[in-house]
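S.K.: build me a model from this:
(2 chains)
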There are 2 protein chains.
Amino acid sequence: MSQERRATVRDVAARAGVSPGTVSKALNGTGQISEATRERIRRAAEEIDFRPNALARSVFERRSYTVGMITTDSFERFSVPVMLGAEDALGAGRISVFLCDSRGDPIRERHYVDVLLGRRVDGFIVTGRNFNRRPPLAGARDVPVVYALTPSADDNDCSVVVDDTASGRLVAEHLLRIGRTKIAHVTGPERFDPARRRHAGLTSALAAADLELTGMAMYGGWTEAWGRQATHILFRENPDIDAIHYGSDLLARGGADALRELGRRIPEDVAITGTDNWELIAEGARPPLTSVDLRLADVGRVAAQRLLDAIEGRPHSGLEQVPCQLVVRASTDETAG
Amino acid sequence: MSQERRATVRDVAARAGVSPGTVSKALNGTGQISEATRERIRRAAEEIDFRPNALARSVFERRSYTVGMITTDSFERFSVPVMLGAEDALGAGRISVFLCDSRGDPIRERHYVDVLLGRRVDGFIVTGRNFNRRPPLAGARDVPVVYALTPSADDNDCSVVVDDTASGRLVAEHLLRIGRTKIAHVTGPERFDPARRRHAGLTSALAAADLELTGMAMYGGWTEAWGRQATHILFRENPDIDAIHYGSDLLARGGADALRELGRRIPEDVAITGTDNWELIAEGARPPLTSVDLRLADVGRVAAQRLLDAIEGRPHSGLEQVPCQLVVRASTDETAG
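M.R.: Below you'll find the predicted structure:
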């Protein structure tokens, strides 16, 4: 044991001029203790290089360097990249992330909030589906919260989301650039904000070129079956359509099947585009799909950064949209792939 | 302030007959302290209902009620249900789960192990792809580890995996029951243990009925394109095939496209089956796919249970296979769906 003796609570107490019990209070977070005393203990601890283990230290510093990540939507493909993006951004800075799957159940969610507050998390990231706004997280008290993908219904909260409007606009600009002018749109249910925003982006960019959507916006479900059915309906009424934008890659897969049944070549007769850039689906399509990548991992990373800012006393407020990106493949470009 | 005064470290010290500093040691985990003293302090704390916060308590009890979950394979669809199954099993018991995405990088993995050991996690769950065996987790010292989905290369470790052999067997028995006898097989790369085990299960059940596989086992890739190409090759050499089992649902999707191109009806002429029961893909297929559900969430739940046992001093050892289940849809049953 020739090692130098490690500093103890007693040494800190002696140096700070307080009792070991007061140092314990600072450590275990119970009892009354003034900020001045806490600061004196903190400084003493630093001077004699007192190193309690990570758990005790986190009590001492009033930061646990942990963050709770609550997903409302367990098996949903979309929240996973967001979570992993956030974990990546936080883990690099030595912050550990608690994973909680509330499954959209408010009681489960509240349970997790309470458990994690008991663990003194420094903040929460709340994620879910890219759907409509959600109620603010209940019971988080004054611990910072950032919403990722699913925005908070409270406009003062900090929410980081994908830019659905831009996704529709990017597609329209691309289709116009390759010379298409009779552009139709097939998407999910109208009650989904993202479906409406993607549609709005598409039509506003067409309007800027003095064009309108060909046929009605085909709101329906998110299934391949709807993509196929809606495409058949569109062609029955508008046989001269030269491009269709789909609100998801699966819808576009169904659409591609319908176009084959109709004897239309992709992209020579009809260019098609999807949304999500779900690689397995977009690249497996015949031909591979041009699609908008909504940059879900970036949504997670930006949310993590905003939360770190808030933890350090620089809170953000309001909605932040993360830029998306068009990935061009053979379904709009004969020379691609 | 008419509330009853909460017990403090000082009260515990008085009752246990030790100094407050000794109680602090027990709390912050530093310094030498005998098991007898620790036990006396623990009992005293219990008697006067001393309740430090969760962080301090976890130091005191030598358990943090946290578990580290390390996934080697971030965006892989298969590890996510495993993680959520484990989180579900642990969260219900008030254990919080740290999420770590090592991305298969050993240095990143080691970093996470060190950080989480500093947080005094009670154990680790390591998950990844359903692929070959992986090296045991480095640096976990005497903290229990359970492997989920990807087994450890050390047979003494506790690994919980899917039952790939049974998946092939279940399919063969189903196809035989519906009267098919000319059964072919298309699957992923031969270097994947799961691909070989699924094949072995299929052929052993056929052998039990005095049958052989029709055509060669078509090992290739996991893509739809391979499913389509392999199906065309099989039919060129064996036009009387009446069923094909695919090693994944995506392979079966490619196969269904090829059968349409060949003018064969599913299931009247050729019954087809997939593996994974990836609902979005299996239900979106035309017709919907009969597929083996590998029960990934159960793999996570069982792994969590095995880890809890180990934390409580009852370690498990060796490989445990979780039963899978056949989900019958219209691709093998004209009357289904």
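S.K.: just the helices in chain A please.
M.R.: Along chain A, counting by DSSP state H, helices occupy A:9-16, A:20-28, A:35-47, A:54-61, A:79-91, A:106-118, A:164-177, A:193-208, A:224-237, A:249-261, A:279-284, A:296-311.
S.K.: ok, of those, where does mean pLDDT dip lowest?
M.R.: Ranked by mean pLDDT, those bottom out at helix A:54-61, which scores a mean of 56.
S.K.: to B:Leu213, which of the helices of chain A lies closest?
M.R.: helix A:279-284 (25.9 Å; CB to CB). Where you see a C-beta, it was placed from the backbone N, CA and C, and this is true even at glycine.
S.K.: hang on, the earlier thing: can I get the helices of chain A in TSV with mean neighbour count and distance to chain B?
M.R.: Formatted as TSV, those follow (neighbours: other CB atoms under 10 Å in any protein chain shown; distance: least, CB to the nearest CB, whole Å):
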stretch	mean neighbour count	distance to chain B
helix A:9-16	22	4
helix A:20-28	26	4
helix A:35-47	15	11
helix A:54-61	21	4
helix A:79-91	25	5
helix A:106-118	17	4
helix A:164-177	22	20
helix A:193-208	20	18
helix A:224-237	20	4
helix A:249-261	24	7
helix A:279-284	20	4
helix A:296-311	23	8
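S.K.: those: which one's closest to A:Arg129?
M.R.: helix A:79-91 (6.7 Å).
S.K.: the residue nearest to A:Ala282 when sequence neighbours are not counted: neighbour count?
M.R.: Distances taken as CB to CB, 6 or more residues apart in numbering or on different chains place A:Leu289 nearest to A:Ala282, at 4.1 Å, with adjacent residues excluded. Neighbour count of A:Leu289, defined by other CB atoms under 10 Å in any protein chain shown: 31.
S.K.: does A:Leu289 touch A:Leu250 like I think?
M.R.: No - in this structure, A:Leu289 is not within contact of A:Leu250 by CB atoms under 8 Å, at 10.3 Å.
S.K.: what touches both of these two?
M.R.: A:Ile281 (CB atoms under 8 Å, 6 or more residues apart in numbering or on different chains).
S.K.: of all the helices of chain A, which lies closest to B:Ile183?
M.R.: helix A:279-284 (24.9 Å).
S.K.: got the CA positions of that closest one in PDB?
M.R.: Provided in PDB are the C-alpha atoms of helix A:279-284 (Å, rounded to 0.1, in the frame of the first residue of the first chain):
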ATOM      1  CA  GLU A 279     -32.800   2.300 -47.600                       C
ATOM      2  CA  LEU A 280     -33.900  -1.300 -47.500                       C
ATOM      3  CA  ILE A 281     -37.200  -0.400 -49.100                       C
ATOM      4  CA  ALA A 282     -36.000   2.400 -51.400                       C
ATOM      5  CA  GLU A 283     -33.000   0.400 -52.800                       C
ATOM      6  CA  GLY A 284     -35.000  -2.800 -53.100                       C
END
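S.K.: quick check on the residue nearest to A:Ala282: phi, psi?
M.R.: Backbone torsions of A:Leu289, given as degrees, to the nearest 10, read phi -90, psi 130.
S.K.: and the closest residue to A:Ala138 other than its chain neighbours, how far is that from B:Ile95?
M.R.: Using CB to CB, 6+ apart and skipping the chain neighbours, the partner closest in space to A:Ala138 is A:Arg110 (5.8 Å). Per CB to CB, to the nearest Å, A:Arg110 is found 18 Å from B:Ile95.
S.K.: next: A:Gly255.
M.R.: On the measure of CB to CB, A:Gly255 and B:Ile95 end up 46 Å apart.
S.K.: got it, and A:Glu268?
M.R.: Applying CB to CB to A:Glu268 and B:Ile95 gives a distance of 58 Å.
S.K.: so if I had to pick from these two, which one is more boxed in?
M.R.: Each of A:Glu268 and B:Ile95 has its neighbours counted (other CB under 10 Å); B:Ile95 has more, 22 against 9.
S.K.: quick one, what contacts that one?
M.R.: Counted by CB under 8 Å, 6+ apart, B:Ile95 has contacts B:Tyr65, B:Thr66, B:Val67, B:Asp122, B:Leu308.
S.K.: can you select the buried ones among those for me in PyMOL?
M.R.: Only the buried entries of the contacts of B:Ile95 go into this PyMOL selection, using 16 or more other CB atoms under 10 Å in any protein chain shown:
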select buried, chain B and resi 65+66+67+122+308
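S.K.: which of the contacts of B:Ile95 are close to chain A?
M.R.: B:Thr66 (CB under 8 Å from any CB of the partner chain).
S.K.: tell me the one among the contacts of B:Ile95 nearest to chain A.
M.R.: Using CB to the nearest CB, B:Thr66 is the member of these that lies nearest chain A, at 7.9 Å.
S.K.: can you name the residues bridging to that closest one?
M.R.: With DSSP bridges as the criterion, the beta-bridge partners of B:Thr66 are B:Ser96.
S.K.: surely it and B:Leu117 touch.
M.R.: No - if you go by CB under 8 Å, B:Thr66 and B:Leu117 don't touch, sitting 11.3 Å apart.
S.K.: now do the shared contacts for the two.
M.R.: Between them, B:Thr66 and B:Leu117 share no contacting residue, judged by CB under 8 Å, 6+ apart.
S.K.: so for the residue nearest to A:Ala282, what's the pLDDT?
M.R.: 98.
S.K.: can you pull the contacts of it?
M.R.: A:Asp249, A:Ala252, A:Arg253, A:Ala256, A:Ile272, A:Thr273, A:Gly274, A:Ile281, A:Ala282, A:Glu283, A:Arg329, A:Ser331.
S.K.: if we use 10 Å, what do you get?
M.R.: Going by CB atoms under 10 Å, 6 or more residues apart in numbering or on different chains, A:Leu289 touches A:246, A:249, A:252-253, A:255-256, A:266, A:272-279, A:281-283, A:327-332.
S.K.: fine by me, we can end here.
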